[in-house]
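In: Build me a model:
(chains A and B)
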Amino acid sequence: RKEVEQDPGPFNVPEGATVAFNCTYSNSASQSFFWYRQDCRKEPKLLMSVYSSGNEDGRFTAQLNRASQYISLLIRDSKLSDSATYLCVVNRGGSYIPTFGRGTSLIVHP
Amino acid sequence: EADIYQTPRYLVIGTGKKITLECSQTMGHDKMYWYQQDPGMELHLIHYSYGVNSTEKGDLSSESTVSRIRTEHFPLTLESARPSHTSQYLCASSLKETQYFGPGTRLLVL
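Out: Have a look, this model is predicted:
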(Lines give C-alpha, C1' and ligand atoms only; values in the text may rest on other atoms or scores of the structure.)
Protein backbone atom coordinates (compact mmCIF):
# COMPACT_ATOMS: atom_id res chain seq x y z
CA ARG A 1 0.00 0.00 0.00
CA LYS A 2 1.30 3.43 -0.93
CA GLU A 3 1.93 5.91 1.88
CA VAL A 4 -0.26 8.53 0.22
CA GLU A 5 -3.02 7.57 -2.18
CA GLN A 6 -5.09 9.74 -4.46
CA ASP A 7 -7.55 9.10 -7.23
CA PRO A 8 -5.64 10.28 -10.31
CA GLY A 9 -8.86 11.34 -12.10
CA PRO A 10 -9.22 13.26 -14.29
CA PHE A 11 -12.13 15.09 -12.76
CA ASN A 12 -13.85 16.89 -15.60
CA VAL A 13 -16.21 19.61 -14.34
CA PRO A 14 -17.96 22.68 -15.79
CA GLU A 15 -17.13 26.19 -14.65
CA GLY A 16 -18.94 27.07 -11.46
CA ALA A 17 -19.11 23.49 -10.21
CA THR A 18 -18.05 22.33 -6.77
CA VAL A 19 -15.54 19.49 -6.75
CA ALA A 20 -13.93 17.54 -3.94
CA PHE A 21 -10.81 15.39 -3.80
CA ASN A 22 -9.81 12.94 -1.12
CA CYS A 23 -6.44 11.60 -0.15
CA THR A 24 -5.64 8.78 2.26
CA TYR A 25 -2.40 8.24 4.13
CA SER A 26 -1.07 5.13 5.83
CA ASN A 27 1.26 6.47 8.53
CA SER A 28 -0.77 7.28 11.62
CA ALA A 29 2.20 9.19 13.05
CA SER A 30 1.99 11.78 10.26
CA GLN A 31 1.85 15.29 11.64
CA SER A 32 1.60 17.77 8.80
CA PHE A 33 -0.58 17.82 5.75
CA PHE A 34 -0.67 19.99 2.65
CA TRP A 35 -2.22 20.44 -0.75
CA TYR A 36 0.07 21.53 -3.57
CA ARG A 37 -0.93 22.51 -7.06
CA GLN A 38 1.09 21.51 -10.12
CA ASP A 39 0.35 22.94 -13.54
CA CYS A 40 1.30 20.98 -16.63
CA ARG A 41 5.08 20.82 -17.03
CA LYS A 42 5.60 23.19 -14.08
CA GLU A 43 6.86 22.80 -10.54
CA PRO A 44 4.52 22.15 -7.60
CA LYS A 45 3.45 25.15 -5.52
CA LEU A 46 1.84 25.19 -2.10
CA LEU A 47 -1.90 25.68 -2.27
CA MET A 48 -2.68 25.39 1.40
CA SER A 49 -1.77 23.65 4.62
CA VAL A 50 -4.38 21.42 6.25
CA TYR A 51 -5.15 21.98 9.90
CA SER A 52 -6.91 19.65 12.31
CA SER A 53 -9.88 21.97 12.64
CA GLY A 54 -10.19 22.41 8.90
CA ASN A 55 -9.37 25.62 7.10
CA GLU A 56 -10.60 27.75 4.26
CA ASP A 57 -8.86 30.02 1.79
CA GLY A 58 -11.31 31.75 -0.50
CA ARG A 59 -12.97 29.09 -2.64
CA PHE A 60 -10.78 26.32 -1.24
CA THR A 61 -11.54 24.32 1.91
CA ALA A 62 -9.30 21.64 3.38
CA GLN A 63 -10.32 19.08 5.97
CA LEU A 64 -8.38 16.51 7.98
CA ASN A 65 -9.84 13.34 9.44
CA ARG A 66 -7.17 11.75 11.63
CA ALA A 67 -9.34 8.83 12.72
CA SER A 68 -9.88 7.71 9.13
CA GLN A 69 -6.51 9.01 7.95
CA TYR A 70 -7.69 11.09 5.06
CA ILE A 71 -7.61 14.69 3.99
CA SER A 72 -9.88 16.43 1.54
CA LEU A 73 -9.89 19.48 -0.67
CA LEU A 74 -13.10 21.19 -1.73
CA ILE A 75 -13.12 23.72 -4.53
CA ARG A 76 -16.23 25.85 -4.91
CA ASP A 77 -17.23 27.86 -7.98
CA SER A 78 -14.55 26.25 -10.16
CA LYS A 79 -12.68 28.49 -12.59
CA LEU A 80 -10.96 27.53 -15.82
CA SER A 81 -7.71 28.53 -14.14
CA ASP A 82 -8.22 25.85 -11.48
CA SER A 83 -7.34 23.21 -14.08
CA ALA A 84 -4.21 21.55 -12.72
CA THR A 85 -3.02 18.52 -10.79
CA TYR A 86 -3.57 18.69 -7.02
CA LEU A 87 -0.96 16.90 -4.95
CA CYS A 88 -1.64 15.61 -1.47
CA VAL A 89 1.45 15.85 0.73
CA VAL A 90 2.00 14.26 4.12
CA ASN A 91 5.01 14.85 6.35
CA ARG A 92 6.29 11.90 8.26
CA GLY A 93 5.93 12.30 11.98
CA GLY A 94 8.67 14.38 13.55
CA SER A 95 10.49 15.15 10.32
CA TYR A 96 10.55 17.57 7.44
CA ILE A 97 10.47 14.73 4.92
CA PRO A 98 7.32 14.86 2.80
CA THR A 99 5.60 12.09 0.90
CA PHE A 100 3.76 13.19 -2.20
CA GLY A 101 0.70 11.54 -3.64
CA ARG A 102 0.50 10.97 -7.36
CA GLY A 103 -1.95 13.84 -7.71
CA THR A 104 -5.52 14.29 -8.88
CA SER A 105 -6.04 15.90 -12.24
CA LEU A 106 -8.77 18.52 -12.51
CA ILE A 107 -10.06 19.84 -15.82
CA VAL A 108 -12.53 22.72 -15.67
CA HIS A 109 -14.32 23.33 -18.97
CA PRO A 110 -16.49 26.23 -20.15
CA GLU B 1 7.75 33.81 -6.36
CA ALA B 2 10.29 31.49 -4.76
CA ASP B 3 13.95 32.38 -5.21
CA ILE B 4 15.20 28.96 -6.19
CA TYR B 5 16.95 28.31 -9.46
CA GLN B 6 17.92 25.27 -11.46
CA THR B 7 20.26 24.94 -14.41
CA PRO B 8 20.19 23.70 -17.02
CA ARG B 9 16.46 23.70 -17.66
CA TYR B 10 16.83 21.09 -20.42
CA LEU B 11 19.66 18.69 -21.11
CA VAL B 12 20.14 16.08 -23.82
CA ILE B 13 23.23 14.00 -23.31
CA GLY B 14 24.75 10.72 -24.41
CA THR B 15 25.09 7.58 -22.34
CA GLY B 16 28.14 7.46 -20.11
CA LYS B 17 28.58 11.19 -19.71
CA LYS B 18 29.03 12.81 -16.32
CA ILE B 19 26.50 15.53 -15.57
CA THR B 20 25.86 17.95 -12.75
CA LEU B 21 22.48 19.56 -12.19
CA GLU B 22 22.71 22.85 -10.36
CA CYS B 23 20.31 24.15 -7.73
CA SER B 24 20.61 27.41 -5.83
CA GLN B 25 18.34 29.28 -3.48
CA THR B 26 18.66 32.76 -2.02
CA MET B 27 16.12 32.40 0.77
CA GLY B 28 18.59 31.18 3.38
CA HIS B 29 16.73 27.89 3.77
CA ASP B 30 18.67 25.22 5.62
CA LYS B 31 16.79 22.26 4.15
CA MET B 32 17.09 21.29 0.51
CA TYR B 33 15.76 18.35 -1.50
CA TRP B 34 16.05 16.63 -4.87
CA TYR B 35 13.09 14.86 -6.42
CA GLN B 36 12.64 12.82 -9.57
CA GLN B 37 9.32 12.96 -11.37
CA ASP B 38 8.22 11.09 -14.48
CA PRO B 39 5.22 12.42 -16.48
CA GLY B 40 1.93 11.84 -14.67
CA MET B 41 3.65 10.21 -11.74
CA GLU B 42 4.40 11.19 -8.16
CA LEU B 43 7.53 12.96 -6.99
CA HIS B 44 10.13 10.63 -5.54
CA LEU B 45 12.63 11.98 -3.03
CA ILE B 46 16.16 10.98 -4.03
CA HIS B 47 18.33 13.17 -1.76
CA TYR B 48 17.93 15.72 0.98
CA SER B 49 20.04 17.91 3.21
CA TYR B 50 19.33 19.52 6.56
CA GLY B 51 22.23 21.92 6.30
CA VAL B 52 25.84 22.40 5.29
CA ASN B 53 27.78 19.13 5.17
CA SER B 54 24.58 17.13 5.75
CA THR B 55 23.28 14.86 2.97
CA GLU B 56 20.97 11.86 3.08
CA LYS B 57 19.53 9.46 0.54
CA GLY B 58 15.83 9.53 -0.02
CA ASP B 59 13.36 6.79 -0.73
CA LEU B 60 14.14 6.20 -4.37
CA SER B 61 17.36 4.37 -5.04
CA SER B 62 19.47 6.65 -7.16
CA GLU B 63 22.90 6.43 -8.68
CA SER B 64 23.33 10.15 -8.23
CA THR B 65 25.29 11.94 -5.52
CA VAL B 66 24.88 15.34 -3.92
CA SER B 67 26.96 17.78 -1.92
CA ARG B 68 26.16 20.68 0.38
CA ILE B 69 29.21 22.81 0.87
CA ARG B 70 27.28 26.09 0.98
CA THR B 71 23.81 26.75 2.35
CA GLU B 72 22.50 28.13 -0.92
CA HIS B 73 23.87 25.47 -3.25
CA PHE B 74 22.86 21.80 -3.62
CA PRO B 75 24.19 20.24 -6.84
CA LEU B 76 23.31 16.73 -8.00
CA THR B 77 25.81 14.67 -9.99
CA LEU B 78 25.40 11.61 -12.19
CA GLU B 79 28.81 10.05 -12.80
CA SER B 80 27.67 8.04 -15.82
CA ALA B 81 24.32 8.90 -17.35
CA ARG B 82 22.09 6.11 -18.65
CA PRO B 83 18.78 6.18 -20.56
CA SER B 84 17.02 5.05 -17.36
CA HIS B 85 18.00 8.43 -15.84
CA THR B 86 15.75 10.22 -18.31
CA SER B 87 13.28 12.16 -16.17
CA GLN B 88 12.50 15.53 -14.65
CA TYR B 89 14.59 16.52 -11.64
CA LEU B 90 13.09 19.02 -9.21
CA CYS B 91 15.01 20.81 -6.49
CA ALA B 92 13.25 22.27 -3.46
CA SER B 93 14.12 24.09 -0.28
CA SER B 94 12.35 24.78 2.99
CA LEU B 95 12.78 26.64 6.24
CA LYS B 96 10.12 24.66 8.05
CA GLU B 97 7.59 22.44 6.29
CA THR B 98 6.53 24.39 3.24
CA GLN B 99 8.62 23.40 0.25
CA TYR B 100 9.55 25.83 -2.49
CA PHE B 101 10.42 24.26 -5.81
CA GLY B 102 12.71 25.28 -8.61
CA PRO B 103 11.50 25.08 -12.22
CA GLY B 104 13.12 21.69 -12.76
CA THR B 105 15.63 20.17 -15.17
CA ARG B 106 14.33 17.91 -17.91
CA LEU B 107 17.00 15.33 -18.68
CA LEU B 108 17.08 13.10 -21.73
CA VAL B 109 19.83 10.51 -21.95
CA LEU B 110 20.29 8.98 -25.37
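In: Now do the host helix or strand of A:Asn22: everything it contacts.
Out: If you go by DSSP states H and E, A:Asn22 is part of strand A:19-25. With C-beta atoms under 8 Å, 6 or more residues apart in numbering or on different chains as the test, strand A:19-25 has contacts from A:3-7, A:11, A:13, A:33, A:68-75, A:78, A:86, A:88, A:90, A:99, A:101, A:104, A:106. All C-beta atoms are positioned from the backbone trio N, CA, C, and that covers glycine.
In: Which members of those are positioned in strands?
Out: Under the assignment DSSP state E, the contacts of strand A:19-25 contribute A:4-6, A:11, A:13, A:33, A:70-75, A:86, A:88, A:90, A:99, A:104, A:106 to strands.
In: Please indicate which of the residues you listed are buried?
Out: Buried residues within the ones in strands among the contacts of strand A:19-25, counting neighbours by 16 or more other C-beta atoms under 10 Å in any protein chain shown: A:4-6, A:11, A:13, A:33, A:70-73, A:75, A:86, A:88, A:90, A:99, A:104, A:106.
In: how about the nearest residue to the residue of chain B found nearest chain A, chain neighbours excluded?
Out: Residue nearest to chain A within chain B (C-beta to the nearest C-beta): B:Phe101, separated by 3.8 Å. Closest residue in space to B:Phe101, ignoring its immediate chain neighbours: A:Glu43 at 3.8 Å, by C-beta to C-beta, 6 or more residues apart in numbering or on different chains.
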